[in-house]
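Peer 1: Sequence and predicted structure, then a few things I'm wondering about:
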Amino acid sequence: MKRLAACGVAVVALLALCVLSLCVGNEWIGPGAVYRALTDFGGSDVDRVVRYLRLPRTVAGLVVGAALGLAGGLMQGVTRNPLADPGILGVTAGAAAAVVGAIGLLGVHSLTGYVWFAMGGALVTTVVVYLIGGAAPVRLALTGAAISAMLGSLTSAVTLLDLSTLNEYRFWVVGSLSLATGPIVAQALPFVAVGTILALVLGQSLNQLALGDELAQSLGTRMILVRVLAGAAVVVLAGTATAIAGPIGFVGLAVPHVARRIVGPDYRRLLPWSMVVAPMVLLLADVLGRIAVRPAELQVGIVTALIGAPVFIALVRRQRVAEL
Amino acid sequence: MRGLVVATVAWALTLTIGALALTRGDYAVPPADVLRTLSGHGTLIMYDVVVNNRLPRVLVGAGVGAAFAVSGAIFQRLARNPLVSPDLIGVNAGAALAAVLMITVLGSGWIPFGALLGSLLAATSVYLLAYRNGLSGHRLVLVGIGVTAVIGSLTAYLLTLADIYTAKSASMWLAGSLAGRTWVHVVLVGGTLAVLLPAAIASTRQLRLLELGDDLARALGGRVEVARAVLIALGVGLAAFATAAAGPVAFVALIAPQLARRLVAGQPGLLVPAAVGALLVVASDLVARTVVAPTALPVGLITAFLGAPYLLVLLMTDRAGL
């Protein structure tokens, strides 16, 4: 009963944030006008802003948020590492470097073009980080930092040699939902859907992994299969999210911890909750970014870093984590 | 003894490569002419190329390399962890943010000063955030990663505000570059080394004491907290001034002390890492400047490209440290 109530509250809050995201911007557009723009499109400026700018942006927030929340939850489950996050572990940096390479070297400029590069980059980094980093939080985080630094240097080599790539890159690398358009979001949906289904199916297996390798094995968990599938889901989810919105850090890190507070450690519930909480965080961060430095705006990736880093540092300061 | 040999060889190599760097570039100057110019008998254009342009670049490179390396050696020994280096605990990121703030918002005249302030602030906040019943190397690194991420995103945000040419010159600085370094920078780096390097060498005894562990060090009469604070300040100072002069040249502070340790097969003093660091940066800059000519890449790209795999190898092999 209590759980049902919590669900209800979460859904209402998410809807409210969606409405807020449609209303807030350079100019406030009331909910009534938003409703009219969505149902009875007349082609006025207000209608256009709502339909072509704020609606795709809001939907992108939902999709990217859900993907990042799930990716973070999966990574924390598979690595049993509370600090795991596609950003910290360099997975988004891998996706980002591949996208920059695609823009700068191959002249790819459409999302359907570079989502494959993003996923390829994410795949390679995920494998490398996992192979080198193993399971210890410090090693994983360091491996991620090393790989991010290396990819960063590759990225700056490409961007420094080509001014127009730098120009495209610098607005994308901060992590922003404002570049999303309707078609981009529509193209991303199937990828996120596949990743989501894969993630949700794995919940029970992650619960068994959480018991430790030996116990999980004796319970009949096919550990290698679970890890590979979870890795694949992370790659698809984090890769697609990065392709839509650029690298957005700390959402995948913080949200599963919030979800754990609400529903406990059971991954069958934790993952769906992460999927609901993460878009809330992302939409809230995006709305805050639009208000904070008006008339300019703070990209959502900046806001999530400002909100998320304290969470990360608090986690690190908890003795248990630092001594693992 | 072996340390002395390694240091001598490294300095000799640095000198050789530095001399080579004086001859190479868009305008080739034969070695004989370089010597003539240095002794004051060259033509005006040679004087301009060699003395005003290339020599400061080489000297800043060597000085910065030495400073980063000594800083890294201090941190690694202090934390008894080969992975703790100033790059990972926010020094570079803080300098970067401050410098980009200078370049994009305030105008570029005060970059070194701003970078210095930025790295000191960042290192202090990492230190304070990581402090909890004493310092742990792991916590320092992890907090450093977190703080670096935030500072990095703010830096990226500032880059979106600038016009594209400013953004480009800022990105160049961010990569760690020796381009356009003048005698002012030489004085900055030289002065830093002249003051902080002897101080660091003088503290080697304290360092050795602290390596025994706090309890033993205390029992042997060391003032543990004071000694540690002084050493951290020296390490941060060296890295901060080096970053101010050349930007965040990646991974030198991490690799040089490790290479030194392997070359000497034991714990070298601070002069061996200094020599290795100088060699590393001067050689990397020559590569950066000549391999993809005419486009001169920033030296930091080369060191990052060499350093990151090295860090990964370290992570794979040196399990004991973690």
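Peer 2: Now that the structure is in, tell me what you want to look at.

Peer 1: all strands of the stretch 1-150 of chain B, in order?
Peer 2: With DSSP state E, counting those that start in this stretch, there are no strands along the stretch 1-150 of chain B.

Peer 1: And chain A, by the same measure?
Peer 2: In chain A, no strands are defined using DSSP state E.

Peer 1: Enumerate every residue touching the residue in the stretch 1-150 of chain A positioned nearest to chain B.
Peer 2: Relative to chain B, the nearest point of the stretch 1-150 of chain A is A:Met150 (3.3 Å; Cβ to the nearest Cβ). Just so you know, the C-beta spots here come from the backbone N, C-alpha and C atoms, and that holds for glycine as well. A:Met150 makes contacts with B:304-305, B:308-309, as judged by Cβ atoms under 8 Å, 6 or more residues apart in numbering or on different chains.

Peer 1: Including neighbour count, secondary structure and distance to A:Val115, could the residues you listed go into JSON lines?
Peer 2: Formatted as JSON lines, these follow (neighbours: other Cβ atoms under 10 Å in any protein chain shown; DSSP: H, G, I helix; E, B strand; the rest coil; distance: Cβ to Cβ, whole Å):
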{"residue": "B:Ala304", "neighbour count": "30", "secondary structure": "helix", "distance to A:Val115": "27"}
{"residue": "B:Phe305", "neighbour count": "20", "secondary structure": "helix", "distance to A:Val115": "27"}
{"residue": "B:Ala308", "neighbour count": "24", "secondary structure": "helix", "distance to A:Val115": "26"}
{"residue": "B:Pro309", "neighbour count": "14", "secondary structure": "helix", "distance to A:Val115": "28"}
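
Peer 1: Please name the nearest non-neighbouring residue to A:Ala233.
Peer 2: The shortest distance from A:Ala233 to any non-neighbouring residue, by Cβ to Cβ, 6 or more residues apart in numbering or on different chains, is to A:Leu198 (4.1 Å).

Peer 1: Surely that neighbour and A:Val236 touch.
Peer 2: Yes: contact between A:Leu198 and A:Val236 holds when scored by Cβ atoms under 8 Å: they sit 7.4 Å apart.

Peer 1: more crowded one of those two?
Peer 2: A:Val236 (26 against 18; other Cβ atoms under 10 Å in any protein chain shown).

Peer 1: dump the residue contacts of the residue nearest to A:Ala233.
Peer 2: A:Leu198 touches A:229-230, A:232-233, A:236, counting by Cβ under 8 Å, 6+ apart.

Peer 1: Just name the closest of those to chain B, please.
Peer 2: Chain B lies nearest to A:Ala230 out of these, by Cβ to the nearest Cβ, at 22.3 Å.

Peer 1: Could you report the pLDDT at residue 119?
Peer 2: By default, I'm working from chain A. pLDDT recorded at A:Met119 is 86.

Peer 1: right idea, wrong chain: chain B
Peer 2: For B:Ser119, pLDDT reads 89.

Peer 1: mind listing what it touches?
Peer 2: With contact set as Cβ under 8 Å, 6+ apart, B:Ser119 has these partners: B:86, B:90-92, B:94-95, B:98, B:236, B:239-240, B:243-244.

Peer 1: what sits up against stretch A:118-129?
Peer 2: Residues contacting stretch A:118-129 (Cβ under 8 Å, 6+ apart): A:86, A:89-99, A:140, A:143-144, A:147, A:151, A:191, A:231, A:234-236, A:238-240, A:242-243, B:312.

Peer 1: My understanding was that A:Leu151 contacts A:Gly90; is that so?
Peer 2: Yes: counting by Cβ under 8 Å, A:Leu151 touches A:Gly90, with 7.1 Å between them.

Peer 1: Which one of these two is surrounded by more residues?
Peer 2: A:Gly90 (30 against 25).

Peer 1: pLDDT value on that one, please?
Peer 2: In this prediction A:Gly90 is given a pLDDT of 84.

Peer 1: count of residues packed around residue 16?
Peer 2: Went with chain A since none was named. With other Cβ under 10 Å as criterion, A:Ala16 counts 12.

Peer 1: um, chain B though
Peer 2: By the criterion of other Cβ under 10 Å, B:Thr16 has 13 neighbours.

Peer 1: just the contacts of B:Ser119 now: which is nearest chain A?
Peer 2: When those are compared for distance to chain A (Cβ to the nearest Cβ), B:Asn92 wins out at 9.8 Å.

Peer 1: got the contact list for the closest residue to that closest one other than its chain neighbours?
Peer 2: Residue nearest to B:Asn92 in three dimensions, not counting chain neighbours: B:Pro248, with 3.5 Å by Cβ to Cβ, 6+ apart. By Cβ under 8 Å, 6+ apart, the contact list for B:Pro248 reads B:87, B:92-93, B:95-96, B:174, B:176, B:300.

Peer 1: picking that back up, quick check: the two most widely separated of the contacts of A:Met150?
Peer 2: Farthest-apart pair in those is B:Ala304 and B:Pro309; separation 9.8 Å (Cβ to Cβ).

Peer 1: Can you lay out the contacts of A:Leu198 as a markdown table showing pLDDT?
Peer 2: Supplementary listing: the contacts of A:Leu198 in a markdown table, determined by pLDDT from 0 to 100:
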| residue | pLDDT |
| --- | --- |
| A:Leu229 | 91 |
| A:Ala230 | 89 |
| A:Ala232 | 90 |
| A:Ala233 | 93 |
| A:Val236 | 92 |
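
Peer 1: picking that back up, in terms of pLDDT, where does the residue of the stretch 1-150 of chain A closest to chain B sit?
Peer 2: On pLDDT, A:Met150 comes in at 82.

Peer 1: same check, this time on the one 4 residues further on
Peer 2: A:Leu154 is assigned 82 on the pLDDT scale.

Peer 1: correct me, but it touches A:Ala96?
Peer 2: No: in this structure, A:Leu154 is not within contact of A:Ala96 by Cβ under 8 Å, at 10.3 Å.

Peer 1: hang on, the earlier thing: what's the closest of the contacts of B:Ser119 to B:Ala130?
Peer 2: B:Gly90 (9.9 Å).

Peer 1: Could I get the contacting residues of the closest one?
Peer 2: Neighbour list for B:Gly90: B:119, B:122-123, B:125-126, B:144, B:147-148, B:151 [criterion: Cβ under 8 Å, 6+ apart].

Peer 1: how about the residues of the stretch 51-200 of chain B near chain A?
Peer 2: B:83, B:87-88, B:129-130, B:132, B:136, B:138-139, B:141-143, B:145-150, B:153-154, B:156-157, B:159-161, B:164, B:167-168, B:171-172, B:174-175 (Cβ under 8 Å from any Cβ of the partner chain).

Peer 1: buried subset of these?
Peer 2: The neighbour-count criterion (16 or more other Cβ atoms under 10 Å in any protein chain shown) marks B:83, B:87-88, B:129-130, B:136, B:138-139, B:141-143, B:145-150, B:153-154, B:156-157, B:159-160, B:167-168, B:171-172, B:174-175 among those as buried.
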